[in-house]
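A.B. asks: A predicted structure for the sequence below; I have some questions about it.
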Amino acid sequence: MSKELRIGLIGCGFMGRTHSNAYNRLQNFFPDLKTKAVLKAACARNKDSVEAFAKQWGYESTETDWKKLIARDDIDAVDICTPNDTHAEIAIASAKAGKMILCEKPLSRTLAEGEEMVKVIEKAGVKNTVWYNYRRVPAVTLAKKIIDSGKLGKIFHYRANFLQDWTISPDVPQGGAGTWRLDVGAAGSGVTGDLLAHCIDTAMWLNGGIKDVSAMTETFIKERVHHDSRKKQKVGIDDACIFHCHFDNGSLGLFESTRYARGHKALYTLEINGEHASIRWDLHDMNRLEYFDHRDESVVRGWRSIHVTDGDQPYMDKWWVPGLIIGYEHSFIHQAADFFKSLETNKPCNPTFKDALQTQKVCEMVIESANTRSWKDTGVDW
Ligand SMILES: NC(=O)c1ccc[n+]([C@@H]2O[C@H](COP(=O)([O-])OP(=O)(O)OC[C@H]3O[C@@H](n4cnc5c(N)ncnc54)[C@H](O)[C@@H]3O)[C@@H](O)[C@H]2O)c1
């Protein structure tokens, strides 16, 4: 007989939708899972909108106060899909109530908040995961397999970009729905915590710990109207950030993120160069992994474009037939499936809170380095 995991989802925006879609798809595409997702309750502050959301995505009930959701006996796992300033309070309360936690990234606004979260979660011993979903794009998972097989040889360089262009207008406000990312109080930081956190998580997963960083940040628009006060206020987030670093394995890293790269909506790219071979990946062509191997015969040597859709490639046996692609939403379905699987195997579903805290250490030192114009050790323990 299959078991049930009763989900309480908090936050019904962009991520609320990707996660709800994931839970709904599990039964269809991962029929071997022994635990079934039950969409027990959705929570958002506005009654009408949370009720509409619950109807649309199949939740049995609604709450407008997350504390009430956590207090319910019929909730096993709390899924945190709210802005960053709420993660710590909700996660800590959930852990104390003995609930499993699936938390959106970044783990927290600051390292201190993240450390407190990890302390409480570890003490409570509850299952947890943080949605750094790009690890579960099949082409990125394949990159991990290739790197771990040693095919690249000694690694020299890791390069990543995450470029957007949606905040160039000075009329974009800070705070409020959708634009809370520009309010340092709600977000903690700008592109560093929002976008580079993804790049850092993938980088350390693929290439090991980041030892030290040297960064620069810029806030191009210094004042914006705040949604709450309706007045112009100082902008506290970083609009752009560039940092370089040393990895523990001796390789050099170069990272750039901005919301001011006109023409780019969500261009996440990564490249890793080793002694024998290189790999590169681009979110805009996410089903492909490019691979160059210097050991190939010179007559056929060149960049290969691997279409990651065969049944023996990561996760792809669950989907269509070779040659047919999947999309962004599938990375969340894969993470949900891995979380459910981890309940059967009693193994962690990475990245856990503890893993995500390492990314938080890098983010904190990136901002600190930029503010002090100096190199900073990250203290990462990978
Ligand atoms: N993994 C990813 O790729 C990815 C992508 C986007 C966002 N995120 C993360 O997901 C989180 C949410 O981002 P989003 O883009 O979904 O934001 P969003 O603005 O689209 O949605 C946030 C939702 O939370 C609700 N909310 C806010 N405060 C609340 C409270 N106190 N109680 C209940 N509901 C509350 C809002 O009403 C809204 O429904 C953030 O931490 C963000 O960094 C991750």
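C.D. replies: Structure's in. What do you need?
A.B. asks: so where's the stretch 151-300 of the chain uncertain?
C.D. replies: By pLDDT under 70, the stretch 151-300 of the chain contains no weakly predicted segment.
A.B. asks: and it, which residues reach the ligand?
C.D. replies: Near the ligand, the residues belonging to the stretch 151-300 of the chain are 177-178, 194 when assessed by C-beta under 6 Å from any ligand atom. For glycine as for every other residue, the C-beta is placed from the backbone atoms N, C-alpha and C.
A.B. asks: Dump those residues into a markdown table; add distance to residue 315 as well.
C.D. replies: What follows is those, written out as a markdown table (distance: C-beta to C-beta, whole Å):
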| residue | distance to residue 315 |
| --- | --- |
| 177 | 33 |
| 178 | 31 |
| 194 | 26 |
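A.B. asks: most surrounded residue in these?
C.D. replies: Highest neighbour count within those: residue 194, with 23 neighbours (other C-beta atoms under 10 Å).
A.B. asks: doesn't residue 182 make contact with it?
C.D. replies: No: using C-beta atoms under 8 Å, residue 194 makes no contact with residue 182, being 10.0 Å away.
A.B. asks: can I see the domain layout of the chain?
C.D. replies: 3-133, 136-377 (automatic domain parsing).
A.B. asks: So what would you say the end-to-end distance of the longest one is?
C.D. replies: When you say that, I think you mean domain 136-377. 29 Å (C-alpha to C-alpha, to the nearest Å).
A.B. asks: so how far is the ligand from residue 269?
C.D. replies: Here residue 269 is placed at a distance of 15 Å from the ligand (C-beta to the nearest ligand atom, to the nearest Å).
A.B. asks: tell me which strands and helices the helix or strand where that residue lies is in contact with?
C.D. replies: Under the criterion of DSSP states H and E, residue 269 resides in strand 267-274. Judged by 3 or more C-beta pairs under 8 Å, 6 or more residues apart in numbering; DSSP states H and E, the packing partners of strand 267-274 are helix 138-148, strand 155-163, helix 197-207, strand 277-282.
A.B. asks: Please convert these to TSV, extending it with mean neighbour count.
C.D. replies: What follows is the helices and strands packed on strand 267-274, written out as TSV (neighbours: other C-beta atoms under 10 Å):
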stretch	mean neighbour count
helix 138-148	19
strand 155-163	21
helix 197-207	24
strand 277-282	20
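A.B. asks: for those, which one sits closest to residue 225?
C.D. replies: Closest to residue 225 of the helices and strands packed on strand 267-274 is strand 155-163 (C-beta to C-beta; 25.3 Å).
A.B. asks: right, and the helix or strand after that closest one?
C.D. replies: Proceeding C-terminally, strand 155-163 gives way to helix 184-187 as the next helix or strand, assigned by DSSP H and E.
A.B. asks: mind listing what's buried in that next one?
C.D. replies: Neighbour counts over helix 184-187 (16 or more other C-beta atoms under 10 Å) mark 184-187 as buried.
A.B. asks: contacting residues around whichever helix or strand comes after that helix?
C.D. replies: Going down the chain from helix 184-187, the next helix or strand is helix 191, by DSSP H and E. With contact meaning C-beta atoms under 8 Å, 6 or more residues apart in numbering, helix 191 is reached by 162, 164, 237-241, 257-259.
A.B. asks: what does stretch 103-115 give?
C.D. replies: 11, 15, 79-82, 84-85, 87-88, 91, 117, 128-132, 187-189, 193-194, 197-198, 201, 353, 356-357, 359-361, 363-364.
A.B. asks: quick one: that stretch to chain centroid distance?
C.D. replies: Its chain's C-alpha centre lies 12 Å from the corresponding centre of stretch 103-115 when counted by C-alpha atoms, centre = their mean, to the nearest Å.
A.B. asks: Same check on stretch 209-219?
C.D. replies: 19 Å.
A.B. asks: same deal with stretch 360-376?
C.D. replies: With C-alpha atoms, centre = their mean as the basis, stretch 360-376 stands 20 Å off its chain's centre.
A.B. asks: So which residues make contact with that stretch?
C.D. replies: 106-108, 110-111, 114, 189, 192-193, 196-197, 200, 204, 210, 212-217, 238, 241, 243, 245, 377-380.
A.B. asks: So which of the residues you listed are in strands?
C.D. replies: 210, 212-217, 241, 243, 245, 377 (DSSP state E).
A.B. asks: Among those residues, which one lies nearest to residue 323?
C.D. replies: Of the ones in strands among the contacts of stretch 360-376, the one sitting nearest to residue 323 (C-beta to C-beta) turns out to be residue 210, at 37.0 Å.
A.B. asks: Check the contact between residue 236 and residue 186; I expect there is one.
C.D. replies: No: using C-beta under 8 Å, residue 236 is not in contact with residue 186; the gap is 10.3 Å.
A.B. asks: and residue 62, what does it touch?
C.D. replies: Counting by C-beta under 8 Å, 6+ apart, residue 62 has contacts 41-43, 47, 50-51, 53-54.
A.B. asks: now residue 60
C.D. replies: Per C-beta under 8 Å, 6+ apart, neighbours of residue 60: 38-41, 54.
A.B. asks: how about those in TSV, adding distance to the ligand?
C.D. replies: TSV is the format used below for the contacts of residue 60 (distance: C-beta to the nearest ligand atom, whole Å):
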residue	distance to the ligand
38	20
39	16
40	16
41	12
54	12
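A.B. asks: Name the nearest of the residues you listed relative to residue 292.
C.D. replies: Using C-beta to C-beta, residue 39 comes nearest to residue 292 of the contacts of residue 60, at 44.6 Å.
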